[in-house]
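Student: Sequence unavailable; structure follows:
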């Protein structure tokens with residue numbers, strides 16, 4: 001009986017079939033191994049689930065079509081001519097299949113990430129409803145632990161990190177004059193691992209014993225002794241990490257090898273520098289969290305003894321080592337979650353103040369300095385962990401030092417704004433909001449670098465406040481700024497600026513009303529990661545809960561604005577912000593292969609206010625060679641970037 005065409009062709013039908021085959025493979029392999037090893041019972045649901053969590057996603061990726069070309073090549077078949085049928089979006093359905101166009105993949109990343117942003121936000125509302133008054137409301141302590149663990153994990157691994165990858169996926173090749181990413185098929189595979197990781201994390205709520213409930217840090221030996229739901233986190237993080245590494249490698253190769261003629265490293269926009277630096281961090285650091293979770297998986301599934309100290313006789317694992325391995329990734333991860341935002345802010349402030357970036361080279365070098373110093377500060381998260389006490393002082397010093405390159409960036413941004421012609425539209429408001437909120441988060445970070453203060457507040461809500469000022473007031477503000485800034489380029493439509501400003505001001509006000517009081521109750525001793533608290537904190541917690549509901553509702557303004565504007569907003573011009581970088585010199589949205597002719601870069605990306613300044617021209621490289629780097633050009637508007 002021939003296989004129907006729908007099941008042979010890549011797509012959702014074949015993916016569904018392969019999911020079934022993947023589960024069958026996991027079932028058969030587990031039963032066979034248990035039978036051969038004389039394990040009883042032979043059919044064990046716990047063991048089958050562990051193998052299925054690995055097998056089913058891999059089979060899905062094959063079924064949806066991410067690996068067809070590679071399997072075809074590996075089978076030794078003749079090379080097929082590329083017809084680009086899987087490249088570009090011609091209908092909305094093209095966003096729901098494997099696509100090799102970096103612009104389609106960028107939108108897939110952004111939309112998927114915002115879905116998980118909404119999920120994480122709803123979980124935050126559940127947390128604040130539980131904490132609105134003392135005592136248990138509608139969650140048990142175990143359920144509360146699960147909700148806040150999934151909330152944090154989803155927003156870190158499935159929103160902040162991948163949404164930056166999505167924005168860069170769309171914009172970065174355009175900025176450097178490339179027709180696409182260096183490895184388009186790997187780019188597609190990177191994206192499709194992301195929703196699998198997200199679905200797996202959310203499915204942990206259905207596991208026997210509930211969802212994973214050891215926090216986003218999954219400290220051992222807690223994580224090695226949890227019910228089955230913990231392994232959903234362990235394996236999902238492996239998928240998300242593999243996605244990040246593949247994307248970062250793609251960015252590095254693209255930036256190094258595919259820049260337009262004339263684009264030296266010091267003619268690259270700072271967003272490109274930021275993603276270059278972030279990609280270095282990802283490639284170096286992410287294998288460490290993968291290793292930590294792989295060891296947890298081995299401890300749990302195969303009864304290894306990496307991290308099971310103090311859980312039984314003859315179990316001599318090292319739980320402190322788990323924290324060292326985890327934080328060696330997770331402190332650089334803080335910069336993975338903020339460096340792309342630094343690049344976004346640099347782009348917006350230059351355009352919206354109509355001034356060159358102050359100290360461009362120092363801004364680029366400070367990004368690289370953060371990459372290097374980011375690997376020297378991990379143990380400041382462990383001042384109360386019981387690690388060797390001599391490590392504390394060096395880590396305190398390096399933590400204080402790493403504020404210097406960040407301070408360089410803040411002062412450079414302020415100098416860029418100084419005496420500029422400021423355009424106070426929606427992207428600019430989010431950029432300025434970031435400057436204030438991230439600076440406040442940075443100040444509390446310097447406080448936490450000091451060992452005595454950190455010991456005093458380490459397990460309190462002061463840490464929660466600091467974390468959210470850095471990741472929400474920092475990262476999320478830059479994400480909103482970037483989405484508003486490049487929305488016309490990505491969709492070909494203009495958003496409603498009035499609604500954008502309403503979104504900013506409601507978010508800004510309710511954000512501060514939610515998280516600023518947490519500094520106070522933290523200093524007064526309210527512990528974090530607990531479902532109930534002392535009655536003396538009741539008034540502040542009720543106030544914080546109401547403010548958090550306002551913060552959640554403010555997101556609805558953003559959703560309405562984006563959906564309504566994408567469907568029927570005014571048509572966007574090619575360059576509505578009058579930017580100089582290359583992505584603004586093509587239509588909105590850009591052509592499928594980005595440029596009709598190869599651009600040649602002849603000047604810096606931020607020479608606003610310089611008469612006749614040009615960043616790139618769209619004439620053949622031979623003709624463009626007569627234009628000296630950085631020199632003025634009088635090329636027609638169709639051929640130059642002004």
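Tutor: Thanks, I have the structure now. The model shown is predicted, which means the values in this text are computed figures rather than measured ones.
Student: and the protein, what are its domains?
Tutor: Following automatic domain parsing, the chain resolves into domains at 5-74, 586-642.
Student: Serialize those domains to a markdown table and add fields for mean pLDDT and distance to residue 168.
Tutor: To be clear about C-beta, it is placed using only N, CA and C from the backbone, and glycine gets the same treatment. Putting the domains of the chain into a markdown table (pLDDT from 0 to 100; distance: least, C-beta to C-beta, whole Å) gives the following:
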| stretch | mean pLDDT | distance to residue 168 |
| --- | --- | --- |
| domain 5-74 | 92 | 20 |
| domain 586-642 | 70 | 15 |
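Student: could I get these as JSON lines with distance to residue 214 and mean neighbour count?
Tutor: Formatted as JSON lines, the domains of the chain follow (distance: least, C-beta to C-beta, whole Å; neighbours: other C-beta atoms under 10 Å):
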{"stretch": "domain 5-74", "distance to residue 214": "17", "mean neighbour count": "16"}
{"stretch": "domain 586-642", "distance to residue 214": "43", "mean neighbour count": "17"}
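Student: would you turn these into JSON lines with distance to residue 261?
Tutor: Below are these laid out as JSON lines (distance: least, C-beta to C-beta, whole Å):
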{"stretch": "domain 5-74", "distance to residue 261": "29"}
{"stretch": "domain 586-642", "distance to residue 261": "5"}
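Student: what's the closest of these to residue 279?
Tutor: Closest to residue 279 of the domains of the chain is domain 586-642 (C-beta to C-beta; 19.3 Å).
Student: The strand or helix carrying residue 442 packs against which elements?
Tutor: Residue 442 belongs to helix 426-449 when assigned by DSSP states H and E. Counting contacts by 3 or more C-beta pairs under 8 Å, 6 or more residues apart in numbering; DSSP states H and E, helix 426-449 packs against helix 339-353, helix 392-401, helix 403-417, helix 451-457, helix 461-470, helix 477-491, helix 497-523.
Student: and it, how far out from the chain's middle?
Tutor: Relative to its chain's centre, helix 426-449 lies at 18 Å (C-alpha atoms, centre = their mean, to the nearest Å).
Student: how big is the angle separating it from helix 403-417?
Tutor: 150 degrees (axes from the mean of the first three to the mean of the last three C-alpha atoms, to 10 degrees).
Student: And helix 426-449, what's buried?
Tutor: Residues 426-435, 437-442, 444-445, 448-449 are the ones in helix 426-449 that count as buried (16 or more other C-beta atoms under 10 Å).
Student: shaky segments in the stretch 251-400 of the chain?
Tutor: The model of the stretch 251-400 of the chain has pLDDT under 70 over residues 309-315.
Student: the helices in it, which residues?
Tutor: 270-301, 319-336, 339-353, 360-373, 392-401 (DSSP state H, counting those that start in this stretch).
Student: Quick one, which of these gets closest to residue 546.
Tutor: helix 339-353 (28.5 Å).
Student: Against which helices or strands is the closest one packed?
Tutor: Using 3+ C-beta pairs under 8 Å, 6+ apart, helix 339-353 is in contact with helix 161-175, helix 270-301, helix 360-373, helix 403-417, helix 426-449, helix 477-491.
Student: so which of those helices gets nearest residue 523?
Tutor: Set against residue 523 and scored by C-beta to C-beta, the helices and strands packed on helix 339-353 come closest in helix 426-449, at 10.4 Å.
Student: Out of the helices and strands packed on helix 339-353, indicate the one that is most buried.
Tutor: helix 161-175 (a mean of 27; mean count of other C-beta atoms under 10 Å).
Student: one step back: could you export the helices and strands packed on helix 426-449 as TSV, including distance to residue 238?
Tutor: As requested, the helices and strands packed on helix 426-449 are arranged in TSV below (distance: least, C-beta to C-beta, whole Å):
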stretch	distance to residue 238
helix 339-353	23
helix 392-401	28
helix 403-417	31
helix 451-457	31
helix 461-470	24
helix 477-491	25
helix 497-523	31
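Student: and of those helices, who's closest to residue 140?
Tutor: helix 461-470 (21.2 Å).
Student: ok, the closest residue to residue 233 other than its chain neighbours - how many residues close by?
Tutor: Closest residue to residue 233 apart from its sequence neighbours, by C-beta to C-beta, 6 or more residues apart in numbering: residue 212 at 3.9 Å. Neighbour count of residue 212, defined by other C-beta atoms under 10 Å: 29.
Student: likewise residue 4?
Tutor: The number of residues near residue 4, taken as other C-beta under 10 Å, comes to 11.
Student: same question, residue 351
Tutor: For residue 351, using other C-beta under 10 Å, the count is 22.
Student: where does residue 82 land in three-state SS?
Tutor: Under the three-state scheme (DSSP: H, G, I helix; E, B strand; the rest coil), residue 82 adopts coil.
Student: Just give me the neighbour total for it.
Tutor: 10.
Student: try residue 111
Tutor: Residue 111 - counted by other C-beta under 10 Å - has 13 other residues nearby.
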